[in-house]
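In: Okay, structure incoming, though there's no sequence with it:
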């Protein structure tokens, strides 16, 4: 009887014990990347996924169809080391690339995210971007390329050449509702248009939360409402309790001309 109980206990412990793992994903094997994230989601410890150096991972459909995401929804702690690789949507279907749940902690390192079709990133947990490039994406059915409800920290990263077109509500390339920290990064060549003049458009950031920028360059972005209306179009917009703090913030060559200034209502914002 004791032996049976001990055996049952051992089986139970084995079923609940998990270990951190490292997954190495071959070049051009998007299915293996999805499988690795799903496996990492089953462990309790932080897991690490390494992509092939300068690799390419193409997604023709969403792995998470309910949330329209290329990668599985991240609910645990995962680090994805890109080694210069790129995750790219190549499809007529509109879907984002990365989603993080309120319980999730995701770190992306040295990786490109490109051609998303419903915005690229939606974060509700903790997201770290280190040398991440978010490019060439659109936002069909969404009001941002990067949306943050949780905590997002980015460094040495770039959000460039993306477009949010004919938005039906206030929109921006990056829309922040939570805590945002961005350092030594660039937002360039982005375009945001609103469907009507009453829509607030921000070609860099629409901020409803707490944001901090250090040495961030915002250049060559364009914001306008349709028909042509620039009265509610800016590079950076604070809405409600949104506040931007920072130093070394550069605004250059943005449209309209008056967009090359930080929000006047933010006394803590500093530009050179």
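Out: Arrived safely. None of these values were measured; they are calculated from a predicted model.

In: so which helix or strand takes in residue 186?
Out: strand 179-188 (DSSP states H and E).

In: quick one: secondary structure of residue 34?
Out: Classification of residue 34 by DSSP: H, G, I helix; E, B strand; the rest coil places it in helix.

In: Please name the nearest non-neighbouring residue to it.
Out: Nearest residue to residue 34 in three dimensions, chain neighbours excluded: residue 63, at 4.7 Å (C-beta to C-beta, 6 or more residues apart in numbering). C-betas here are computed from N, CA, C, even on glycine.

In: Can you name the residues that contact the one you found?
Out: By C-beta atoms under 8 Å, 6 or more residues apart in numbering, the contact list for residue 63 reads 34, 69-72.

In: quick one: which of the residues you listed is nearest to residue 219?
Out: Nearest to residue 219, judged by C-beta to C-beta, of the contacts of residue 63 is residue 70 at 28.5 Å.

In: distance of that closest one from residue 233?
Out: 30 Å (C-beta to C-beta, to the nearest Å).

In: So for those two, which residue has more residues nearby?
Out: Taking neighbours as other C-beta atoms under 10 Å, residue 70 and residue 233 compare with residue 70 leading, 30 against 26.

In: Now that one. Its backbone dihedrals?
Out: When quoted as degrees, to the nearest 10, the phi and psi of residue 70 stand at phi -70, psi -50.

In: same thing with residue 144?
Out: Taking degrees, to the nearest 10 as the convention, residue 144 sits at phi -160, psi 160.

In: got the contact list for it?
Out: Residue 144 neighbours (C-beta under 8 Å, 6+ apart): 119, 164, 171-175, 206.

In: Let's see that with 6 Å instead.
Out: Residue 144 makes contact with 119, 172, 175, according to C-beta atoms under 6 Å, 6 or more residues apart in numbering.

In: just residue 108 next, same as before
Out: Contacts for residue 108 (C-beta under 6 Å, 6+ apart) come out as 80, 129, 132.

In: rerun that using 8 Å as the cut-off
Out: 80, 82, 98, 127-130, 132.

In: now residue 27
Out: 52, 55-56, 85.

In: 6 Å - rerun?
Out: Residues counted as contacts of residue 27 (C-beta under 6 Å, 6+ apart) are 52, 55.

In: how near is it to residue 19?
Out: Per C-beta to C-beta, residue 27 is found 26 Å from residue 19.

In: Distance of the residue lying closest to residue 102 once chain neighbours are set aside relative to residue 109?
Out: Leaving aside its sequence neighbours, residue 102 sits nearest to residue 124 (C-beta to C-beta, 6+ apart; 4.7 Å). As judged by C-beta to C-beta, residue 124 and residue 109 stand 21 Å apart.

In: For the two, work out which one has more neighbours and name it.
Out: Comparing residue 124 with residue 109 by other C-beta under 10 Å, the one with more neighbours is residue 124, at 20 against 17.

In: Identify the residues contacting the more buried one.
Out: Taking C-beta under 6 Å, 6+ apart, one finds 101-102, 149-150 in contact with residue 124.

In: and it, what pLDDT?
Out: Residue 124 carries a pLDDT value of 98.

In: and if you look at residue 14?
Out: For residue 14, the predicted pLDDT is 38.

In: Ignoring the adjacent residues along the chain, who's closest to residue 189?
Out: residue 161 (4.4 Å).

In: Am I right that that neighbour is in contact with residue 134?
Out: No. Applying C-beta atoms under 6 Å, one finds residue 161 not in contact with residue 134, separated by 9.4 Å.

In: who has more neighbours, those two?
Out: More crowded of residue 161 and residue 134, by other C-beta under 10 Å: residue 134, with 30 against 17.

In: Which strand or helix spans that one?
Out: Using DSSP H and E, residue 134 falls in strand 126-135.

In: Counting by contacts, list what that strand packs against.
Out: Under the contact definition 3 or more C-beta pairs under 6 Å, 6 or more residues apart in numbering; DSSP states H and E, strand 126-135 sits against strand 105-114, strand 151-155, strand 158-160.

In: next structured bit after the first one?
Out: If you walk from strand 105-114 toward the C-terminus, the next helix or strand you reach (DSSP H and E) is strand 121-123.

In: got the buried residues for that next one?
Out: Neighbour counts using 16 or more other C-beta atoms under 10 Å place 121-123 of strand 121-123 among the buried residues.
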